[in-house]
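Trainee: Below are the sequence and a predicted model; questions follow.
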Amino acid sequence: MRTLIKLTWVEIKLFVREPITMVVTLALPVITLFVMGGVFGNTPNPDIYRGVGPMDYYVPAYFGLVIAAIGVVALPVHLTAYRERGVLRRLRASSISIWSLLGSQLVVSFIIAVFGGILLLVLALVIYSPHMPQSPGLLILAFLLSTLSFAAVGFLLGAVLPSTRAAQGLGLILFFIMLILGGAGPPPEVLTGAMVFIGKITPLRYVVLSLQDPWLGFGWNQNASLVVAGIMVVASLLSARFFRWE
Amino acid sequence: MTVLKPIIEVKNLRKTYGATVAVDDISFEVAEGEIFGILGPNGAGKTTAVECLQALRKPDSGDIRVLGLDPLTQASALRRRIGSQLQESALPDRIKVWEALDLFASVTPDALDWRVLLKQWGLSEKQKASFSSLSGGQRQRLFVALSLVNNPEVVFLDEMTTGLDPAARHVAWDLIRAIRDRGTTVVLVTHFMDEAEELCDRVAIVDRGKIVASDTPQGLITSYASDVRVIFTTEQAELPWLSEIPDVREVVRRGPRVEVEGSGPVLALVAAALVKHGIIPADLRVEQPTLEDVFLKLTGHSAGD
């Protein structure tokens, strides 16, 4: 436990000292927020965006985007770089457990996600005045679940990808597919059938739904949350199975 | 070789990588409180062998006990009680020296005070420096300090002095002796013959995955390279009586320089004979055989090859 706390604190400090990860993880959602907000404003149209204002639709979706960026880009790149450079080898030889390692990454992921969420919310509030969350308690729950789930995806990618370059390449591709088709891009109502299908098989789709519903006052989205929880369980099991120190 | 109170027991250890046999059926024991050297050229399989002992690699076959624990099934219990200075490893670029030590100290309640370690290993001034700003030698010393911070019962040092300048090497040797004197068993992997001879209580010489000999450094020298060379210069042309001294094997003359090869007390006998014949050279000296000679004799090539 002491090691977990120390390692977490070290990882937080490392993150602050090298904020490039932060920029990559948070810049894209923020830029997308400005572009979409600039184009669509926040006037509801009953045919698209589930009938709510575009910004009311997008702000919770971009919370999901931050979480996805951590899971498919930041975490896998971080873990593969540690493996490639021999940091994992060093940690393992000093009997630092996989639980301390992944636990510390999980806490740092939460901190980035919360920070990114607050940043997005503040910017959106100042410029586009979207509605505030209708069920904040359920939203926080969905946020926790989604972060855990994508962190597990990050651990899995970090476990199976052979190199930092692979993690960067694949991570960005996954990120863009999810951004465009997973519910954080063009309104799903205007996508073609094939695009909707691909969107439906991306984890981000369910994270976006489980965040949007409590925000917009639609209550707890049981089906979406179950999918998010399922991804978390499967990705955790697989990453525990395939994790390699070197 | 069987030793009293073995703290490490290795039987028939074998490890292959594809078609390459890295470690080929080696067995040895390390006694509690000694500095045990594993000596051999690069690529001889030394690192692979000790990494199996540290539960960092899985051997193909063989039986290993370190502190009575099996690295295959009791890896985490083992790692907490040993210290490892790995040949290839790194820390995050931006971690500070003290943070790394503080972190690695947290794995056990009986950790050493890392400030003392920093001082001993000459890193006090680098306490707040980031890992990426350290020189090769400083990184090396930090890794040794990290391997000791959990107050291990056995410490594995793999090419510990590579990258250190000669002065730092001697300081490191003194510190390793101090570690041993405190009761910690040291397994030292090295390709430096002088380091093994200087530091180790016992040495296993490894070549091409096998242990070719194992003994104290002096024992190895006595068994495999006992000849000493007595060297002096003289203007006197004929020295036929030199070859008649018992224990002298060969006399080589190059101008005024004379080299007498032999074994046992040959230095004293040659000196006495010289004095008796009225030759009192000011430059009489003896070259002792070293582990380098033992290695050459045993393997047919030098450790640098």
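Mentor: That came in fine, so what should we check first?

Trainee: Could you pull up the residues touching residue 87?
Mentor: Let's take chain A. A:Ala81, B:Ser89, B:Ala90, B:Leu91, B:Pro92 (Cβ atoms under 8 Å, 6 or more residues apart in numbering or on different chains). Using the backbone N, CA and C atoms, a C-beta is placed for each residue, glycine as well.

Trainee: nope, chain B please
Mentor: Contacts of B:Gln87 (Cβ under 8 Å, 6+ apart): B:Thr47, B:Asp158, B:Glu159.

Trainee: Quick check on it: phi, psi?
Mentor: Per-residue torsions, B:Gln87: phi -70, psi -40 (degrees, to the nearest 10).

Trainee: out of everything not next to it in sequence, what's closest to it?
Mentor: B:Asp158 (4.5 Å; Cβ to Cβ, 6 or more residues apart in numbering or on different chains).

Trainee: B:Arg80 against B:Pro109, yeah?
Mentor: No: assessed by Cβ atoms under 8 Å, B:Arg80 is found out of contact with B:Pro109, at 10.4 Å.

Trainee: most surrounded residue in the contacts of A:Val87?
Mentor: B:Leu91 (27 neighbours; other Cβ atoms under 10 Å in any protein chain shown).

Trainee: The closest residue to that residue other than its chain neighbours: how many residues sit nearby?
Mentor: Nearest residue to B:Leu91, sequence neighbours excluded (Cβ to Cβ, 6+ apart): B:Phe131, at 4.4 Å. By the measure other Cβ under 10 Å, the count of residues near B:Phe131 is 20.

Trainee: Touching, B:Phe131 and B:Asp93? I think so.
Mentor: Yes: if you go by Cβ under 8 Å, B:Phe131 and B:Asp93 touch, sitting 6.0 Å apart.

Trainee: what about B:Asp110, is that helix, strand or coil?
Mentor: Put simply, B:Asp110 is coil when judged by DSSP: H, G, I helix; E, B strand; the rest coil.

Trainee: An error on my part: the question was meant for B:Val286.
Mentor: strand.

Trainee: And for it, the neighbour number?
Mentor: 15.

Trainee: Dig out what it forms beta bridges with.
Mentor: On the basis of DSSP bridges, B:Val286 is bridged to B:Val230.

Trainee: What does the pLDDT read for it?
Mentor: You'll see B:Val286 listed with a pLDDT of 90.

Trainee: and it, what does it touch?
Mentor: So B:Val286 contacts B:Val228, B:Arg229, B:Val230, B:Ile231, B:Leu267 (Cβ under 8 Å, 6+ apart).

Trainee: Which helix or which strand is home to the closest residue to chain A within the stretch 151-300 of chain B?
Mentor: Per Cβ to the nearest Cβ, the residue of the stretch 151-300 of chain B with the smallest distance to chain A is B:Phe156, at 8.9 Å. Secondary structure assignment for B:Phe156, by DSSP states H and E: strand B:154-158.

Trainee: coming back round to it: more neighbours, B:Arg80 and B:Pro109?
Mentor: B:Arg80 (15 against 9).

Trainee: That one in helix, strand or coil?
Mentor: Three-state assignment for B:Arg80 (three-state DSSP): helix.

Trainee: For it, which non-adjacent residue is closest in space?
Mentor: That would be A:Ser95: by Cβ to Cβ, 6+ apart, it lies 4.7 Å from B:Arg80.

Trainee: What is the neighbour count of that neighbour?
Mentor: A:Ser95, neighbours per other Cβ under 10 Å, totals 22.

Trainee: before we move on, what SS does it have?
Mentor: With three-state DSSP as the criterion, A:Ser95 reads coil.

Trainee: and it, how far is that from B:Ile179?
Mentor: Distance of A:Ser95 to B:Ile179, given as Cβ to Cβ, to the nearest Å: 19 Å.

Trainee: B:Asp293 too?
Mentor: In terms of Cβ to Cβ, B:Asp293 sits 29 Å off from B:Ile179.

Trainee: residues in contact with A:Leu79?
Mentor: Per Cβ under 8 Å, 6+ apart, neighbours of A:Leu79: A:Leu88, A:Gln105, A:Gly154, A:Phe155, A:Gly158, A:Ala159, A:Ala167.

Trainee: If you rank these by neighbours, which is first?
Mentor: Those, ranked by neighbours (other Cβ under 10 Å): first place A:Gly154, 31 neighbours.

Trainee: packing partners for the helix or strand of chain A with the lowest mean pLDDT?
Mentor: Comparing every helix and strand of chain A by mean pLDDT, DSSP states H and E singles out helix A:20-40 as the least confident one, with a mean of 82. When contacts are defined as 3 or more Cβ pairs under 8 Å, 6 or more residues apart in numbering or on different chains; DSSP states H and E, helix A:20-40 packs onto helix A:54-69, helix A:98-128, helix A:164-181.

Trainee: So which elements touch the last one?
Mentor: So that's helix A:164-181. Packed next to helix A:164-181, using 3+ Cβ pairs under 8 Å, 6+ apart, are helix A:20-40, helix A:54-69, helix A:75-85, helix A:136-160, helix A:193-200, helix A:203-216.

Trainee: For the residue lying closest to B:Pro256 once chain neighbours are set aside, give me its contacts.
Mentor: In space, and not counting its chain neighbours, B:Pro256 is closest to B:Thr233: 4.4 Å by Cβ to Cβ, 6+ apart. Neighbouring residues of B:Thr233 by Cβ under 8 Å, 6+ apart: B:Pro256, B:Arg257, B:Val258, B:Pro281, B:Asp283.

Trainee: Tell me how many other residues surround A:Arg83.
Mentor: If we define neighbours as other Cβ under 10 Å, then A:Arg83 has 22 of them.

Trainee: ditto for B:Trp98
Mentor: Counted with other Cβ under 10 Å, B:Trp98 comes out at 17.

Trainee: Let's see the one helix or strand it maps to as CSV, backbone CA atoms only.
Mentor: Element membership of B:Trp98 [criterion: DSSP H and E] is helix B:97-105. What follows is helix B:97-105 as a C-alpha-only set of coordinates in CSV (Å, rounded to 0.1, in the frame of the first residue of the first chain):
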residue,chain,number,x,y,z
VAL,B,97,17.3,10.5,-7.6
TRP,B,98,15.8,10.8,-4.2
GLU,B,99,12.3,9.9,-5.4
ALA,B,100,13.6,6.7,-6.9
LEU,B,101,15.4,5.7,-3.7
ASP,B,102,12.4,6.7,-1.6
LEU,B,103,10.0,4.7,-3.8
PHE,B,104,12.2,1.5,-3.8
ALA,B,105,12.7,1.8,-0.1
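
Trainee: mean confidence for the helix or strand following that helix?
Mentor: Following helix B:97-105 in sequence order, the next helix or strand is helix B:114-120 (DSSP H and E). Regarding helix B:114-120, the rounded mean pLDDT is 93.

Trainee: so what does whichever helix in chain B runs longest touch, helix or strand wise?
Mentor: Across chain B, the longest stretch assigned as helix under DSSP state H is helix B:166-181. When contacts are defined as 3+ Cβ pairs under 8 Å, 6+ apart, helix B:166-181 packs onto strand B:35-39, helix B:136-148, strand B:185-190, helix B:193-199.

Trainee: Now pLDDT too, for the contacts of A:Leu79, in JSON lines please.
Mentor: Output for the contacts of A:Leu79, formatted as JSON lines (pLDDT from 0 to 100):
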{"residue": "A:Leu88", "pLDDT": "95"}
{"residue": "A:Gln105", "pLDDT": "95"}
{"residue": "A:Gly154", "pLDDT": "97"}
{"residue": "A:Phe155", "pLDDT": "97"}
{"residue": "A:Gly158", "pLDDT": "96"}
{"residue": "A:Ala159", "pLDDT": "95"}
{"residue": "A:Ala167", "pLDDT": "95"}
